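**Q** Have a look at this prediction, sequence included:
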Amino acid sequence: MRDPRITAGAVALGLIALLVGGAFFGLAMEAVRNPQPVAVDATMLRVVRFTLWQAALSTVLSAVPAVLVARALSRCGSFPGRGLILKMFALPLALPAIVAALGVLALLGRAGYLAGPLSALSGETWPGIYGLSGILVAHVFFNMPLATRFLLEALDTVPADQWRLASQLGMGGAATFRFVEWPAIRAGLPGVAGLVFMLCVTSFTVVLTLGGGPAATTVEVAIYQALRFDFDPARAVALTALQLALTAAVLLVLKRLGADAAADAAISVTRRRTFGAGLGETVLDTLVIAAAVVVVAAPIVSVILSGLQADLRRLVADAAVHRAALTSVGLAAVSGTLAVALSLSLAAARHALARRRKGPASGLLERAMDAGAGYVLVVPSIVIGAGWFVLLRQTALSAPVAMTMVATVNAAMAMPFALRAIRPAYDASSDRYGRLAAQLGLTGWNKFRLVDWPQMRRPLATGLAFAMALSLGDLGVIALFGSDAVETLPYLLLARMGSYRTADAAGIALLLAALTLALMTLADLARKEAP
C-alpha cells in the first residue's frame with residue numbers, strides 16, 4: 001500500500017523540479033527559436049569581471065573585520081549590552097535588501113545625512129555613493145554581521161581546557177590569538193568567506209539600486225536589463241548561462257570549503273568564558289565593537305529617520321500604497337503557505353522513507369527528499385524568473401500569471417529555510433508518538449490533527465512567518481513580472497526612487513521594514529516558545 005506521505009513528498013519534489021525545469025526549458029526554447037549565437041563580447045566580459053571583483057572586495061571587507069569583531073566579542077564575554085549587540089547583528093538579515101540600500105543612500109547619498117560633513121572634509125561637493133563604493137558599503141552592512149556570528153560560534157567551540165591552559169601558561173593576547181583563537185577561526189574562515197562570496201555574486205537588489213550605471217552591473221542585473229529594457233531574450237539566455245556557470249563554480253568551491261549556501265544565520269551564540277585582557281586590549285576591543293555597531297546601526301537609523309520625515313499620513317492614505325501593501329501581504333501569505341506545505345510534505349516523506357529503510361544507506365528518493373529543497377538555492381531566483389519570463393512572453397503575462405509566478409518562485413526560495421524549522425519538530429513528533437498513533441489506527445488527517453498539530457503548530461508558525469518575511473521583501477522576481485497592475489511594496493519603492501520621489505520611497509521603506517521585522521519577530525517568538 002502506497003504511503004500518502006511519500007506521495008505528497010513526491011508531488012512536492014515534482015513541483016520543485018517543474019519550477020526549475022520549466023525555467024531551463026524556457027531558456028532552451030529561446031535558444032532554439034533564435035539559433036544565432038550570441039558572442040561573449042567585451043561588455044559581457046566586463047560584467048563578469050565586475051561581478052567577481054565586487055564579490056571579492058565585499059568578501060575581504062566583510063570577513064577581515066568580522067575576525068576582529070568576533071574575537072573582541074568573544075574576549076569581552078559578559079559586558080552589558082552584548083546580547084543586544086548580537087540581536088542587532090541579526091537585523092540586516094531581516095531587512096529587505098532594498099530597504100538597506102535606501103538606508104545607505106539616506107546616510108551617504110548626495111543629499112544624505114553625512115553629505116555635509118564629507119563635503120567639508122574633502123573640500124568638494126560630496127558626489128554620493130552610487131557605483132562600486134555603494135555596493136561595497138551595502139554588502140558589508142549585510143555580510144559583516146553574518147560573518148561575525150559564524151566566527152563567534154567557531155570561537156565558542158574552543159574547549160575550556162585550552163583557555164585554562166593558556167591562563168596557566170600566562171599567555172598574552174598575541175600568544176592566545178596565535179595558539180588558541182586562530183586555529184578555530186582558520187577552520188571556519190574559508191567556509192564563511194565562501195558563503196559571503198556566494199551571496200555577493202548572486203546579489204541583485206543591492207546592485208540594481210546602488211550600481212549607478214553600466215560600469216557597475218553584475219550578471220543578474222544585466223539579465224534583468226536585457227529582458228525589461230532591451231527586450232533581448234537571446235542575450236538574456238547567454239547571460240543566464242554565464243550566471244549559472246559562475247554559480248556552479250562558486251558552489252563547487254563552497255563544497256570544498258565545507259560552507260552551506262543555505263546556512264541559518266539565527267545561531268544561538270553562547271558565552272563560554274571571559275578572557276582576562278589588559279587595559280590596552282580591553283580598550284582596543286571596545287573600539288572594534290563600537291565601530292562594528294556604528295557600521296550596522298547607521299543605515300538602520302537612517303531608514304528610521306528618513307522614513308519618519310516623510311509624509312506617512314499621506315502615504316498610508318495613498319491608493320497605490322494600499323494596493324501594493326495588499327498585494328505584498330497577499331503574495332507573502334500565499335508564498336508562505338505554499339513553502340510550509342511543501343516543506344511539511346518533504347519532511348513527512350523523508351521520515352517515512354527513513355522508517356522503511358532496511359539498511360544503513362539511504363536510497364535515492366530519500367536523499368532527494370532530504371536535500372531536494374536545498375538544490376533550489378543553486379539556481380538564483382532571477383534565473384528562474386528569467387526562464388519563465390521568456391517561456392511565457394508569448395502570452396499576455398496577465399496579472400494572475402505574474403502573481404502566480406512571483407508567489408511560486410518566492411515559495412521555492414523560502415522553502416529550504418522553512419524546512420529547517422519544520423523537519424526537526426516533525427521527526428521528534430513522529431519518533432515519539434508514531435507507534436502509538438499506528439496502534440490506535442490514526443492515519444492521515446486525523447493523525448495530523450490529533451497527534452502532530454499540537455507539537456507542530458509553533459514550528460509551522462515559525463516557518464510561515466519566516467517564509468512570508470522573505471517573500472515580502474523580495475525584489476528579484478517581481479522586478480521581471482511586476483507592472484502597474486502588479487505592484488508590491490518593494491516594486492513601488494523602486495519605482496518611486498526611479499522617479500526621484502525620495503521622500504515617498506523613504507516612507508515606503510519604513511513601512512516595509514516594519515512589516516518585515518514584525519514577521520521576523522513573530523517567527524523568533526514562535527521558535528523560542530517551541531517545546
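**A** Received the coordinates, thanks. Residues are numbered from 1 along each chain as shown.

**Q** What's the separation between residue 9 and residue 346?
**A** The spacing between residue 9 and residue 346, counted by C-beta to C-beta, to the nearest Å, is 5 Å. (C-beta placed from N, C-alpha, C; glycine too.)

**Q** Tell me which residue lies nearest the centroid of the protein.
**A** The residue lying closest to the centre of the chain (C-alpha atoms, centre = their mean) is residue 93, at 6.4 Å.

**Q** Give me the pLDDT value at that one.
**A** Residue 93 carries a pLDDT value of 80.

**Q** Surely it is in contact with residue 147?
**A** No - contact between residue 93 and residue 147 fails when scored by C-beta atoms under 8 Å: they sit 11.7 Å apart.

**Q** For burial, what's the neighbour tally of residue 153?
**A** 18 (other C-beta atoms under 10 Å).

**Q** How about residue 495?
**A** Around residue 495 there are 18 residues (other C-beta under 10 Å).

**Q** And the helices in the stretch 301-450 of the chain?
**A** Counting by DSSP state H, counting those that start in this stretch, one finds helices in the stretch 301-450 of the chain at the ranges 312-317, 319-356, 364-371, 381-392, 399-439, 444-447.

**Q** so which of those is the most packed in?
**A** helix 381-392 (a mean of 24; mean count of other C-beta atoms under 10 Å).

**Q** Which secondary structure elements does it sit against?
**A** helix 4-33, helix 219-228, helix 233-257, helix 399-439, helix 478-481 (3 or more C-beta pairs under 8 Å, 6 or more residues apart in numbering; DSSP states H and E).

**Q** one more time with 6 Å, if that's ok
**A** On a contact count with 3 or more C-beta pairs under 6 Å, 6 or more residues apart in numbering; DSSP states H and E, helix 381-392 meets helix 4-33, helix 219-228, helix 233-257, helix 399-439.

**Q** So what's the gap between it and the chain middle?
**A** Put simply, helix 381-392 sits 20 Å off its chain's centre (C-alpha atoms, centre = their mean, to the nearest Å).

**Q** same thing with stretch 196-207?
**A** 10 Å.

**Q** next one: stretch 438-447
**A** Using C-alpha atoms, centre = their mean, the offset of stretch 438-447 from its chain centre is 38 Å.

**Q** what's the span of it, first residue to last?
**A** 9 Å (C-alpha to C-alpha, to the nearest Å).

**Q** Let me see the mean pLDDT of it.
**A** 71.

**Q** what do you get for stretch 191-204?
**A** For stretch 191-204, the mean confidence score works out to 87.

**Q** right, and residue 455 touches residue 429 too?
**A** Yes - judged on C-beta atoms under 6 Å, residue 455 makes contact with residue 429 at a distance of 4.0 Å.

**Q** distance of residue 363 from residue 450?
**A** 30 Å.

**Q** Same question for residue 78.
**A** From residue 78 to residue 450 the distance is 46 Å (C-beta to C-beta).

**Q** quick one, which of those two is more surrounded?
**A** More neighbours surround residue 450 than the other of residue 78 and residue 450, with 13 against 8 (other C-beta under 10 Å).

**Q** so which of the helices of the stretch 301-450 of the chain gets nearest residue 224?
**A** Closest to residue 224 of the helices of the stretch 301-450 of the chain, according to C-beta to C-beta: helix 381-392, at 6.4 Å.

**Q** The chain - how does it break down into domains?
**A** Listed domain ranges for the chain are 1-37+325-482, 38-307 (source: automatic domain parsing).

**Q** Adding distance to residue 506, write those out as TSV.
**A** Below are the domains of the chain laid out as TSV (distance: least, C-beta to C-beta, whole Å):
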stretch	distance to residue 506
domain 1-37+325-482	16
domain 38-307	4
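
**Q** quick one, which of these is nearest to residue 492?
**A** Closest among those, once you apply C-beta to C-beta, is domain 1-37+325-482, at 8.8 Å.

**Q** where does the stretch 101-250 of the chain dip in pLDDT?
**A** 168, 170, 173, 212 (pLDDT under 70).

**Q** what ranges do the helices span in it?
**A** Under DSSP H, counting those that start in this stretch, the stretch 101-250 of the chain gives helices at 115-122, 132-155, 160-168, 173-176, 182-201, 205-210, 219-228, 233-257.

**Q** intersection of neighbour lists for residue 9 and residue 346?
**A** Counting by C-beta atoms under 6 Å, 6 or more residues apart in numbering, the shared contacts of residue 9 and residue 346 are residue 369.

**Q** Pull the number of nearby residues for residue 283.
**A** With other C-beta under 10 Å as criterion, residue 283 counts 11.

**Q** measure it to residue 148 for me?
**A** 20 Å.

**Q** repeat for residue 498
**A** 34 Å.

**Q** More neighbours: which of these two?
**A** Comparing residue 498 with residue 148 by other C-beta under 10 Å, the one with more neighbours is residue 148, at 29 against 10.

**Q** Tell me how far that one lies from residue 157.
**A** Taking C-beta to C-beta, one finds residue 148 at 15 Å from residue 157.
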